[in-house]
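Q: predicted coordinates and the sequence they were generated for:
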Amino acid sequence: MSCPQKSTGRQAHSCVEYSPFDLARGVLSMKKAPDLPTLVLNKHWTPVHVTAVRHALALVFTDRAHVVCPETFTPYTFAGWVDRGILNGTPHIRGINFEIEAPEVIVLGSYDKVPPRGVTFNRRNLHRRDEDTCQYCGARFAPERLTIDHVLPVSRGGKTKWENCVLACHRCNGRKADLTPKEARMKLLKHPIEPSWSPRYATYIRNNRPESWEKFIPRKQLEAVSF
């Protein structure tokens, strides 16, 4: 295996052959790998998932995916990514017999499906959309301390759907009772809508996504995450 060209500022690694046994020991040693997000692309380079970096590396190690270098779009095998070296200050994982930079993007080798556009309405996804926050008082609570409030009460024809349901704390839910927000003189933090991007991705897209993701996620999807 030939050594790839090291970028300036990277800690160089000697060019060695990695046996399956050595790599397996290294992967299994990553029990305390940071829970950093890795964007997963299908074989057509379409975003389909976000996973923890340890799981991403497991996919690369088993040859089901390659690490993508965001700067050059070059795909790397597990051993190739190790030999590439680590940029100073870049999050990385230390195995038993190697160090490896935490990948921000990987591409799957054979998976060619895309996630469904619609997001299933259920309690779990509603908690993700509203981020465990009461949509009236704005306070965050443990999931069990929140209830599902129908903006237009069911008794008055309100439907159980994304556009009519929000999370509310017990106090606010009791205050609103069987009224509309206007009648109860309560203001919603934001108008409830169906997520246009899976809530699992949305948290990363809004808060702490790596800048490299902007090269792979369509701008309209980034801009759509405003719920």
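A: Yep, that arrived. Not measured: the values here are computed from a predicted model.
Q: show me where pLDDT drops low in this structure?
A: Residues of the chain meeting the criterion pLDDT under 70: 1-35, 95-96, 115-118, 196-208, 218-227.
Q: quick one, domains of this protein?
A: Domains of the chain are assigned by automatic domain parsing as 10-108, 123-184.
Q: ok, how many other residues are close to residue 52?
A: Neighbours of residue 52 under the rule other CB atoms under 10 Å: 15. Heads up, the C-betas are built off the backbone N, CA and C, glycines and all.
Q: who's it bridged to?
A: residue 37 (DSSP bridges).
Q: and what about the residue lying farthest from the centre of the chain, helix, strand or coil?
A: Residue farthest from the centre of the chain, counting by CA atoms, centre = their mean, is residue 183 at 38.2 Å. Three-state assignment for residue 183 (DSSP: H, G, I helix; E, B strand; the rest coil): helix.
Q: tell me the spacing between it and residue 89.
A: 55 Å (CB to CB, to the nearest Å).
Q: count the residues that sit near the residue lying closest to residue 169 once chain neighbours are set aside.
A: Spatial nearest neighbour of residue 169, excluding adjacent residues (CB to CB, 6 or more residues apart in numbering): residue 134 at 4.1 Å. Neighbourhood size, residue 134 [other CB under 10 Å]: 23.
Q: please renumber so the chain begins at 46
A: That works, and once the first residue is 46, the last one we named lands at residue 179.
Q: got the phi/psi numbers for residue 216?
A: phi -70, psi -50 (degrees, to the nearest 10).
Q: what sits against it?
A: Residues counted as contacts of residue 216 (CB atoms under 8 Å, 6 or more residues apart in numbering) are residue 182.
Q: then the one 10 residues further on?
A: By CB under 8 Å, 6+ apart, the contact list for residue 226 reads 181, 196, 232-233.
Q: three-state assignment of residue 90?
A: Classified using three-state DSSP, residue 90 is coil.
Q: which stretches in the protein count as strands?
A: Along the chain, counting by DSSP state E, strands occupy 55-56, 82-86, 92-97, 110-113, 120-121, 131-132, 137-139, 144-146, 150-153, 191-195, 210-214.
Q: filter the contacts of residue 226 down to the buried ones.
A: Buried members of the contacts of residue 226, scored by 16 or more other CB atoms under 10 Å, are 181, 196.
Q: pull the most distant pair out of the contacts of residue 226.
A: Farthest pair in these (CB to CB) is 196 and 232. Separation: 11.6 Å.
Q: returning to what we had before: and the domains of the chain, which is most packed in?
A: domain 55-153 (a mean of 17; mean count of other CB atoms under 10 Å).
Q: run the chain-centre distance for that one.
A: In this view, domain 55-153 has its centroid 17 Å away from the chain centroid, taken as CA atoms, centre = their mean, to the nearest Å.
Q: what bridges to residue 195?
A: Beta-bridge pairing of residue 195 under DSSP bridges involves residue 210.
Q: how about the contacts made by it?
A: 203-205, 209-210.
Q: which stretches in this structure count as helices?
A: Applying DSSP state H to the chain gives helices spanning 65-73, 98-106, 123-129, 168-175, 215-221, 226-229, 244-252, 264-269.
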